[in-house]
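> okay, structure incoming, though there's no sequence with it:
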C-alpha cells in the first residue's frame, strides 16, 4: 500500500484543523453568535482520512477499477493565483486577483481527479469546475519546454451535491471548442446527488465517506422539535452503519473514529444554529462519545500488543515495559486527534518513530 502527498500540503496540516475537538465557530464568532457550519473543511478532512475509501468512491462514481490497496494516490495543489508574486524589473506592480481554490485535486496512478462539493444549488457550478480544472492544467503547463506540444489536460471532474436540487442531472454535459471552429471535445461532469440515496444505498455503492453528511438535511426543517427527533433517528442509523462497516473490515479503525468525529461535528453545529440547542440531542452526543471511548480502547489494546512485540525484541524486562508504555501513549494521543508532529513534541520522540508505531497499528499508511 502506498500513499504519497504533494509538497504543498500534508496530512498533518489537514488534521491540525481539527485537533482535540471540532471548532464549529469562526474565529470572530463570540458570545451568542451562531456557529458557522464549515462543511467544506469537514468533507476535506474525512475524504483524506483513508485512501481506500476515497478510491472506492471514485471507482463506483466513474466506473474505474483501481485497486484500493496498491494504487498510488497523490494529493495535488488546490490553490491557484494567476498573478506574479513579484513584477520583473521595469514592470508595474501586479494587480490583485482573487485566489482560485478547488475543493480536492488528487491523482490515482497518474490520472488527475477533481472533486467539488456543493451544499446549496448554484447554476454556475459547472463553469467554476471547468475554471478550477483549467487552473490546474495551466499550472502543469508551466513546466513544459517552449518547443513541446501543449497538452491542456483537465482533471476528471466529480460534483457532490448535498442539498436537494431536482434540476441538477446525474451528469452535466460540457464542451470545449475554439471560437468559430466546428471541432470540439465533449465530456460529462459526474454528479453524486446525495439526497437521492439512503444509508443502505451509500454502503452498496461504496460511498461510505458520505454517510455523515446525510445529517445535513436536518438544518432545513421548519419544525425544530420534529427535526430533532428525525436527526436522532438518523444519528443512530448512521452510527450503526459505520460500526457495521468496521466489523466487516470495510473501513479501518481510524476511519471509523474520523467518521464519528464528523457526525459529532455536524450534529453539534446544526443543533446550535438551527434547532435551538435541543437537550435530547446533547444527550445523544454523550452516548456517541461513550461509544467512541469503547472503540478507542480497542485501538489502544492493539497498540499494547505491538508494544509487547517491540519490548520482546529489546530482550530486557525494563526495555519491554518502556516499549509497551511508549506505544500505548502514542496510540492514545493519536486517538485524541493529536498529529504525529504534536505527539513527537509532547513525548520527545522522533516523528519517524511515532509514524512507525501508528503505521504498524494500522492507523496511518506505512511507507
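Arrived safely, thanks for sending. These figures come from a predicted structure and were not determined experimentally.
> quick one: residue 190 is in a helix?
No. Using DSSP: H, G, I helix; E, B strand; the rest coil, the assignment for residue 190 is strand, not a helix.
> for the spatially closest residue to it that is not a sequence neighbour, phi and psi?
In space, and not counting its chain neighbours, residue 190 is closest to residue 158: 5.0 Å by C-beta to C-beta, 6 or more residues apart in numbering. In short, each C-beta sits where N, CA and C put it, glycine included. The phi/psi pair for residue 158 (degrees, to the nearest 10) reads phi -140, psi 130.
> check residue 156 too.
When read as degrees, to the nearest 10, the backbone of residue 156 gives phi -70, psi 120.
> tell me who's in contact with it.
62, 111, 112, 113, 114 (C-beta atoms under 8 Å, 6 or more residues apart in numbering).
> in helices, which of these fall?
Residues of those located in helices (DSSP state H): residue 62.
> most neighbours among the contacts of residue 156, which one?
residue 114 (23 neighbours; other C-beta atoms under 10 Å).
> I'd like the distance between that residue and residue 121.
Distance, residue 114 to residue 121, by C-beta to C-beta, to the nearest Å: 20 Å.
> equivalent analysis for residue 150, please.
36 Å.
> and for residue 65?
32 Å.
> next: residue 161.
Using C-beta to C-beta, residue 161 is found at 8 Å from residue 121.
> let me see the contact set for the residue nearest to residue 190.
Residue 158 touches 58, 61, 62, 113, 114, 115, 116, 189, 190, 191, 192, counting by C-beta under 8 Å, 6+ apart.
> what pairs with it across the strands?
Beta-bridge partners recorded for residue 158 (DSSP bridges): residue 115, residue 190.
> burial count for the closest residue to residue 219 other than its chain neighbours?
Using C-beta to C-beta, 6+ apart and skipping residues adjacent in sequence, the residue nearest residue 219 is residue 274, 4.4 Å away. For residue 274, the count of nearby residues is 18 (other C-beta under 10 Å).
> go ahead and confirm residue 274 touches residue 217.
No. Using C-beta atoms under 8 Å, residue 274 is not in contact with residue 217; the gap is 11.0 Å.
> from what I can see residue 258 touches residue 49, true?
Yes. Residue 258 lies in contact with residue 49 (C-beta under 8 Å); the separation is 4.3 Å.
> tell me the helix or strand right after the helix or strand bottoming out on mean pLDDT in the chain.
When each helix and strand of the chain is scored by mean pLDDT, DSSP states H and E, helix 11-16 comes last, with a mean of 33. Downstream of helix 11-16, the next assigned helix or strand under DSSP states H and E is helix 39-47.
> number of residues surrounding residue 44?
Applying other C-beta under 10 Å, we find 17 residues neighbouring residue 44.
> please consider this matter closed, and thank you.
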